[in-house]
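Asker: Okay, structure incoming, though there's no sequence with it:
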């Protein structure tokens, strides 16, 4: 968006460089000054972006830099496509500044490289912050590219959608002495009946169904005599049965045992 404030002043706040924040934040070496954390590198390293430049269009490129050297001046170099080449600027020791250059290409250049680097091995490393390339002749300060903003929006939507799916997929465990309502229940919700020894039920989509543990679900030797309070209803494959009166019926022979007869008929 153009904002004609005064004669010969053109402003467009859109950043044409995509991924500036991620690229600078991804530098392995950092240096911090006055609350800003710069990506730090020297000669032999650079970071660059690709953009289409139009003939006759005015652009302003800017990048905050910091020279952490206590004694040596450094020199920043910005490559502005193939036609215009280098822009150079000295950075004094312990100096933080924003390098700004306005230029107008005389020919179209698709896929022009905008590169940022230290200009020679004789110069110390510089700290680099987020760069900006915008149409017009005024530096308005860094803003993310519209494409980066959209990426963050899409990422936030995806995160929210994933969180909603996760939340929707979670089941509820209910401890209650009476059967819970089936309204709003999800398949595989669980109810422990606290009025029946914590007997477990599973919601199958329409009703509560008793969920019994199989023998493989019980750890060996985890149930001892101390846990057995009654044999009422015990039935082992119809071979050993205890009825309501405590009478025992069994099949087969009783071996290695003795008994005392207490009644005669």
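Answerer: Okay, I see it. This is a predicted model, so every value here is computed, not measured. Residues are numbered from 1 along each chain as shown.

Asker: Could you list the residues in contact with the helix or strand harbouring residue 135?
Answerer: Using DSSP states H and E, residue 135 sits within strand 132-135. Strand 132-135 has contacts (Cβ atoms under 8 Å, 6 or more residues apart in numbering) with 2, 10-17, 20, 49, 51, 57-63, 114, 139-143. All C-beta atoms are positioned from the backbone trio N, CA, C, and that covers glycine.

Asker: can you pull the buried residues of stretch 86-93?
Answerer: By 16 or more other Cβ atoms under 10 Å, the buried positions in stretch 86-93 come out as 87, 89, 91.

Asker: that older thread, starting at the chain centroid, how far to the strand holding residue 135?
Answerer: 30 Å (Cα atoms, centre = their mean, to the nearest Å).

Asker: Pull up the pairing partners for that strand, direction included.
Answerer: Strand pairing for strand 132-135, using DSSP bridges, gives strand 59-66 (antiparallel).

Asker: Show me how far the strand it pairs with is from its chain's centre.
Answerer: The chain centre lies 31 Å from the centre of strand 59-66; the measure is Cα atoms, centre = their mean.

Asker: Also compute the angle for the helix or strand just after it relative to strand 59-66, please.
Answerer: Downstream of strand 59-66, the first helix or strand assigned by DSSP H and E is strand 74-80. Put simply, strand 74-80 runs at 160 degrees to strand 59-66, going by axes from the mean of the first three to the mean of the last three Cα atoms, to 10 degrees.

Asker: what is the rounded mean pLDDT of strand 74-80?
Answerer: Per-region confidence: strand 74-80 scores 96 on mean pLDDT.

Asker: name the helices or strands packed onto that strand?
Answerer: strand 59-66, strand 86-91, strand 96-103, strand 109-118 (3 or more Cβ pairs under 8 Å, 6 or more residues apart in numbering; DSSP states H and E).

Asker: Now do the buried residues in stretch 109-118.
Answerer: Of all the residues in stretch 109-118, those buried under the rule 16+ other Cβ under 10 Å are 109, 112, 114, 115, 116, 117, 118.

Asker: any idea which of those is closest to residue 45?
Answerer: Residue 45 has its nearest neighbour among those in residue 117, at 6.8 Å by Cβ to Cβ.

Asker: Quick check: chain neighbours aside, which residue is closest to that closest one?
Answerer: Among residues not flanking residue 117 along the chain, residue 46 sits closest, at 3.6 Å (Cβ to Cβ, 6 or more residues apart in numbering).

Asker: For the one you found, give me its contacts.
Answerer: 115, 116, 117.

Asker: Okay, and the beta partners of the second one?
Answerer: What it means is residue 116. With DSSP bridges as the rule, residue 116 is bridged to residue 47, residue 78.

Asker: burial measure for residue 250, as a count.
Answerer: 12 (other Cβ atoms under 10 Å).
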